[in-house]
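In: Show me how the following folds:
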Amino acid sequence: MSAEHASAALIADYARGDVDLPADTLWALESHLETCAPCRARLAACLPVEAPGTAALVDTVRAALEPRLDAAARACAHASVRRRRPAWVTAWLTPVMAPWLAMTAAVTLAALLLDEVASSAVVGGSPMLLLAPALPLCGVAAAWSPALDPAHELTVSTARAGLPLLLRRTTGVLLVVLPGLLLEGRLTGTVSAAQWLLPSLAFTSAALALGSVIGVARAAAGLAAAWGAAVVAPALATNRFPAVLEADLLPGWALLLVLGTGAVAARRNAYSTR
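Out: So this is what the prediction gives:
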């Protein structure tokens with residue numbers, strides 16, 4: 001594919017549904033078609049020649065849907081105000097993202113309030129550190145959960161459904177969680193940014209890496225549950241700060257982050273169905 005347009009051979013292969021096309025080539029072509037009207041026109045002209053059965057099916061579906069779509073368009077035209085989502089919203093977020101992002105933000109706020117009123121009485125240090133590694137996992141699990149995304153089946157069936165989309169959704173989660181934790185750390189002044197940032201990012205990368213094997217939602221939920229059982233619960237029960245969050249172990253968290261990121265890169269082709 002050239003810098004401006006897809007080649008005629010590539011469009012013909014795509015129209016035929018060539019199964020030998022690499023996943024990254026499919027992703028690049030579909031991304032290009034979204035913004036290039038000339039290439040979409042070439043694809044439309046190529047489809048009846050390369051895949052007449054598919055073209056006939058598309059025409060049949062269009063003929064059945066056009067009356068309903070026209071009626072829906074007329075109904076929408078009566079609305080005085082129409083809400084439009086910016087293009088980046090549909091590219092980075094899921095249709096049901098708001099509720100679980102609000103939940104994640106609420107948990108972060110609860111940690112902040114707990115730090116303000118009882119930081120010296122809870123586990124001998126900052127409660128924020130106990131929650132920081134698991135907070136992004138809640139959002140990541142929801143971001144890639146079939147039960148919470150009504151368009152999940154459609155999304156994972158496209159060539160763009162692999163690692164790039166997963167990273168976009170994970171970034172959306174981190175953009176909600178990390179600013180709240182940063183604000184909390186500045187307000188309380190009890191811990192350095194590295195003490196919560198490294199565990200958060202390390203656990204997130206570990207969830208993505210493990211997700212290439214068992215599924216991202218399962219991996220994130222499992223790691224969050226394991227963190228709660230192995231670290232949070234004992235810390236609350238004994239009122240002792242967990243050793244794994246001590247500043248001396250930050251190099252270990254950094255190593256986990258590097259290993260997790262490397263595993264994600266090595267398994268990048270395993271995310272199209274995860």
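
In: Helices of this protein, start to end?
Out: Secondary structure of the chain (DSSP state H): helices located at 8-16, 23-35, 37-50, 52-77, 87-92, 97-118, 127-131, 135-143, 152-156, 163-188, 193-214, 216-227, 233-238, 250-266.

In: quick one: average pLDDT of the third one?
Out: Mean per-residue pLDDT for helix 37-50: 88.

In: cool, the first one as well?
Out: When pLDDT is averaged over helix 8-16, the result is 88.

In: now the angle between helix 52-77 and it, please.
Out: Interaxial angle, helix 8-16 versus helix 52-77 (axes from the mean of the first three to the mean of the last three C-alpha atoms, to 10 degrees): 80 degrees.

In: State the distance from the closest residue to S200 other than its chain neighbours to V231.
Out: Spatially, and ignoring its direct neighbours in sequence, S200 is nearest to A132 (5.0 Å; C-beta to C-beta, 6 or more residues apart in numbering). Quick note: C-beta positions are derived from backbone N, CA and C, even for glycine. Distance of A132 to V231, given as C-beta to C-beta, to the nearest Å: 11 Å.

In: Comparing the two, which residue is more hemmed in?
Out: A132 (27 against 20; other C-beta atoms under 10 Å).

In: where in this structure is pLDDT low?
Out: 1-3, 72-128, 142-162, 180-181, 184-194, 271-274 (pLDDT under 70).

In: domain ranges for it?
Out: 8-77, 88-270 (automatic domain parsing).

In: would you list the helices of the chain in TSV and tack on distance to V244 and mean neighbour count?
Out: Below are those laid out as TSV (distance: least, C-beta to C-beta, whole Å; neighbours: other C-beta atoms under 10 Å):
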stretch	distance to V244	mean neighbour count
helix 8-16	49	17
helix 23-35	37	16
helix 37-50	52	15
helix 52-77	54	10
helix 87-92	32	12
helix 97-118	18	16
helix 127-131	10	24
helix 135-143	16	25
helix 152-156	34	14
helix 163-188	18	18
helix 193-214	8	21
helix 216-227	10	20
helix 233-238	10	13
helix 250-266	8	15
